[in-house]
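A.B. asks: quick one, structure for this:
(2 chains)
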Amino acid sequence: MTGARGSKDLRHLSAQSASVSIGEQTLRPVLGARTWMRFLRSPVVFAYLLLTPAILTMVVVVLYPVLSAIDISFRRVDIYSPGASRGPWTLANYARLLDTTGFWQAVRVSVAYVVIAVVFSLLIGFGTALLLNQRFRGRTLARMLVVLPWSVPPVVAVNVWWWILDPSFGMLNWVLLQLGVIAKPINWIASPTPALAAVSLVTIWKGYPFFVVMLLAGLQAVPQDLYDAGAVDGAGRLAAFQHITLPALRGVLALATLLTVLWVFREFTIIWVLTGGGPVRATETLAIMTYREAFANFRMGFAASIGVVTLLISTVASVFFIRQAGKEFH
Amino acid sequence: MRRSLERILLYAAVATVVGVLFFPMYWMFNTSLAPQDQLYIYPPKLVHPNATFAAYAKIFRERPIERWLLNSLIVVIFSGLSSLIISVLAGYSLSRYRVGGSAALGYLLLSSRMLPTTLLVIPLFVFMSQLRLINTLWSVVIANVTFIMPFATWMLKGYFDSIPRELEEAAYIDGSSRLGALLRITLPLSAPGVAATALYSAILAWDEYLFARTFLTTNSVWTISVGLGSFRGEYITFWNEVMAASLVGTVPIIAIFLLLEKHLVSGLIAGAVK
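C.D. replies: Below you'll find the predicted structure:
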């Protein structure tokens, strides 16, 4: 790939410039303006100069803040300020974390939320992509309308669903009552299990278009020859789907699922604006608990320890997932 | 006969799926036009015979919506532009050169998406207070760079990878400097990619809620996201007003989305999933 080619080119170029600069040095031993220019023009220096703003930004606004957050997660700090003395390192926050029922509740809610939201986003996204991959009039318009929710601001998605889920005049209760699915209106946001369903519903609505876009792109990359060959061999539609379409989509499916899991696991806005983590913590995920402890209870050290555990979980999960996916493809 | 039955079933399926998935968008539009007395009735009306723009007039009168829109625009422009400049340089370097640490930076940029934003916001809040940036748009501009820059760099690296390097080599032979070749040859050729990245960055910055909600405390400096999230918790909910405001906050994004549609896949893969 380009990487391998790049390094070969680079070696070639830097070898060349090195020999030139040795020649220069024998002529004039003093570092003059021209040597300086030559130094700036060398490919390695140029590459680093281009990277410098990005490296500085990452160090100043991401790496250093995250390291400070990890640091305070090991100290007894409530409202943290950089100058103040922090006391010695301690595992107190983590000990307390493992001891609180709230933490285990948040782990359970996070897992339930991620599983429900991702599975339904995938199923709806997959089904929709297969349907919109058929040839029919108005296909472009249908694709656009279906993918549109992806671009809707999360806060707006919450407002719209909040209205649809309204217990007295909302559309969803009315439809469910008409269909006879429920006997009396559900108070979606004020009761624990429906609230988790409500939060998941909004997340699914924001999440399925990503699968549609990715899978449509994947479906278009499956060569038609495979289907023709399959038809010659007498494969029905189901067999073609199982033996041609699914294997071809594996990579796209794995990538889209991983990215959606990471997104849902860290999701804050949808839950915070719709339920605030309630009622009685029924929708309090690890992300929500971190925020509440830091900015409502002002226990920043404790909040940071929850955040660090969240970071560990998503890192371990992604590494595991990428390993598994890697094993399957090679 | 069987074929035409299949066609009918296909169209029915498409109509159902699109109808259900698009319904919330239609409902937002429909409710925003409802007169006040049509809100609290059952069954809900699918079309309002006396549609009115009264809710739009009222929200602009009673809430600083245009201020919120302007604040969001400022945040989008500044966080988008600064991310884009950094990302063009870094993305080009990652695409063309492999030096010690460039792989590490690439991984760092990718792995920043595993970072819980609710963890990052804690130290950032503290630093912003120290720098006295709380309650200014600068705090949000700086914080937005933490997630826009990593994705923009990867997206742009992908576009630069698709531009043949032979063109730059030809420029070197003609005496062009490295920076000159980037600015005069590669950048103009990747203009569609840069534009797509810019539009994506704009969507991310416009949608951002967590940093803005935490750093901006008075409602005159709120962005539109924070403003739209503030309806929740009010005593009486006038749904037509909530929906009108929400639609006003969505229209700019839909416009960008329509411009962007062609480039959606490459961007989504680069990591615009927020």
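A.B. asks: helix or strand for residue B:73, which one?
C.D. replies: Element membership for residue B:73 (DSSP states H and E) is helix B:65-96.
A.B. asks: so what does that helix touch, helix or strand wise?
C.D. replies: Counting contacts by 3 or more C-beta pairs under 8 Å, 6 or more residues apart in numbering or on different chains; DSSP states H and E, helix B:65-96 packs against helix A:43-57, helix B:102-111, helix B:137-161, helix B:191-207, helix B:224-228, helix B:239-260. C-beta: built from backbone N, CA, C; applies to glycine.
A.B. asks: could you list the buried residues of it?
C.D. replies: Neighbour counts over helix B:65-96 (16 or more other C-beta atoms under 10 Å in any protein chain shown) mark B:65, B:67-69, B:71-73, B:75-76, B:78-80, B:82-84, B:86-96 as buried.
A.B. asks: ditto for stretch A:243-250
C.D. replies: For stretch A:243-250, burial by neighbour count (16+ other C-beta under 10 Å) applies to A:244-245, A:248-249.
A.B. asks: likewise for stretch A:309-328?
C.D. replies: For stretch A:309-328, burial by neighbour count (16+ other C-beta under 10 Å) applies to A:309-311, A:313-314, A:317-318, A:325.
A.B. asks: and the contacts of it?
C.D. replies: Surrounding stretch A:309-328, the residues in contact under the criterion C-beta atoms under 8 Å, 6 or more residues apart in numbering or on different chains are A:94, A:97, A:250-251, A:254, A:258, A:261-262, A:265-266, A:286-287, A:290, B:111, B:114-116, B:118-119.
A.B. asks: and stretch A:240-247, by the same measure?
C.D. replies: The contact list for stretch A:240-247, computed with C-beta under 8 Å, 6+ apart, reads A:219, A:222, A:226-227, A:230-231, A:235.
A.B. asks: cutoff 6 Å now
C.D. replies: Contact with stretch A:240-247 is made by A:226-227, A:230, as judged by C-beta atoms under 6 Å, 6 or more residues apart in numbering or on different chains.
A.B. asks: let me have those in JSON lines, extended by distance to residue B:130.
C.D. replies: As requested, the contacts of stretch A:240-247 are exported to JSON lines (distance: C-beta to C-beta, whole Å):
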{"residue": "A:226", "distance to residue B:130": "60"}
{"residue": "A:227", "distance to residue B:130": "62"}
{"residue": "A:230", "distance to residue B:130": "64"}
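A.B. asks: most neighbours, which of those?
C.D. replies: Tallying neighbours with other C-beta atoms under 10 Å in any protein chain shown puts residue A:230 at the head of those, with 18 neighbours.
A.B. asks: does that one belong to a helix or a strand, and which?
C.D. replies: Residue A:230 is part of helix A:224-232 when elements are defined by DSSP H and E.
A.B. asks: kindly export that helix (C-alpha atoms) in CSV.
C.D. replies: Provided in CSV are the C-alpha atoms of helix A:224-232 (Å, rounded to 0.1, in the frame of the first residue of the first chain):
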residue,chain,number,x,y,z
GLN,A,224,-23.3,-9.2,-10.0
ASP,A,225,-21.3,-12.2,-11.5
LEU,A,226,-21.6,-14.0,-8.1
TYR,A,227,-25.4,-13.8,-8.2
ASP,A,228,-25.4,-14.9,-11.9
ALA,A,229,-23.2,-17.8,-11.1
GLY,A,230,-25.4,-18.7,-8.1
ALA,A,231,-28.5,-18.6,-10.3
VAL,A,232,-26.9,-20.9,-12.8
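A.B. asks: show me what contacts residue A:106?
C.D. replies: Each residue near residue A:106 by C-beta under 6 Å, 6+ apart is listed here: A:284-286, A:289.
A.B. asks: what about 10 Å?
C.D. replies: Shown in contact with residue A:106 (C-beta atoms under 10 Å, 6 or more residues apart in numbering or on different chains): A:97, A:100, A:277, A:281, A:283-290, A:292, A:306, A:309-310.
A.B. asks: roughly how far does it sit from chain B?
C.D. replies: According to C-beta to the nearest C-beta, to the nearest Å, residue A:106 stands 12 Å off from chain B.
A.B. asks: does that residue count as helix, strand or coil?
C.D. replies: Assigned by DSSP: H, G, I helix; E, B strand; the rest coil, the conformation of residue A:106 is helix.
A.B. asks: grab the nearest non-local neighbour of it.
C.D. replies: Nearest residue to residue A:106, sequence neighbours excluded (C-beta to C-beta, 6 or more residues apart in numbering or on different chains): residue A:289, at 4.4 Å.
A.B. asks: what residues are up against the one you found?
C.D. replies: Contacts for residue A:289 were tallied using C-beta under 10 Å, 6+ apart; they are A:97, A:100, A:102-103, A:105-107, A:109-110, A:277, A:281, A:302-303, A:306-307, A:310, B:118.
A.B. asks: then residue B:251?
C.D. replies: Per C-beta under 10 Å, 6+ apart, neighbours of residue B:251: residue B:69.
A.B. asks: looking at the contacts of stretch A:309-328, which are in strands?
C.D. replies: When the contacts of stretch A:309-328 are checked against strands (DSSP state E), there are no matches.
A.B. asks: quick one: which of the contacts of residue A:289 sit in helices?
C.D. replies: Counting by DSSP state H, the contacts of residue A:289 place A:97, A:102-103, A:105-107, A:109-110, A:302-303, A:306-307, A:310, B:118 in helices.
A.B. asks: report the buried members of the contacts of residue A:289.
C.D. replies: Buried by 16+ other C-beta under 10 Å: A:97, A:103, A:105-107, A:109-110, A:277, A:281, A:302-303, A:306-307, A:310, B:118, out of the contacts of residue A:289.
A.B. asks: ok, so of those residues, who is nearest residue A:34?
C.D. replies: Minimum distance to residue A:34 across those is 52.0 Å, recorded for residue A:307 (C-beta to C-beta).
A.B. asks: for that closest one, which non-adjacent residue is closest in space?
C.D. replies: residue B:119 (2.8 Å).
A.B. asks: relative to residue A:295, how far out is the one you found?
C.D. replies: Going from residue B:119 to residue A:295 by C-beta to C-beta, to the nearest Å gives 12 Å.
A.B. asks: can you list residues touching both of these two?
C.D. replies: Joint contacts of residue B:119 and residue A:295 (C-beta under 10 Å, 6+ apart) are residue A:303.
A.B. asks: which one's more surrounded, these two?
C.D. replies: Ranked by neighbour count (other C-beta under 10 Å), residue B:119 and residue A:295 place residue B:119 first, with 29 against 17.
A.B. asks: OK, contacts around the more buried one?
C.D. replies: Residue B:119 touches A:65-66, A:69-70, A:73, A:266, A:286-287, A:290-291, A:294, A:303-311, counting by C-beta under 10 Å, 6+ apart.
A.B. asks: repeat that with 8 Å
C.D. replies: Contacts of residue B:119 by C-beta under 8 Å, 6+ apart are A:66, A:69, A:290, A:304, A:307-308, A:310-311.
A.B. asks: noted, bye for now.
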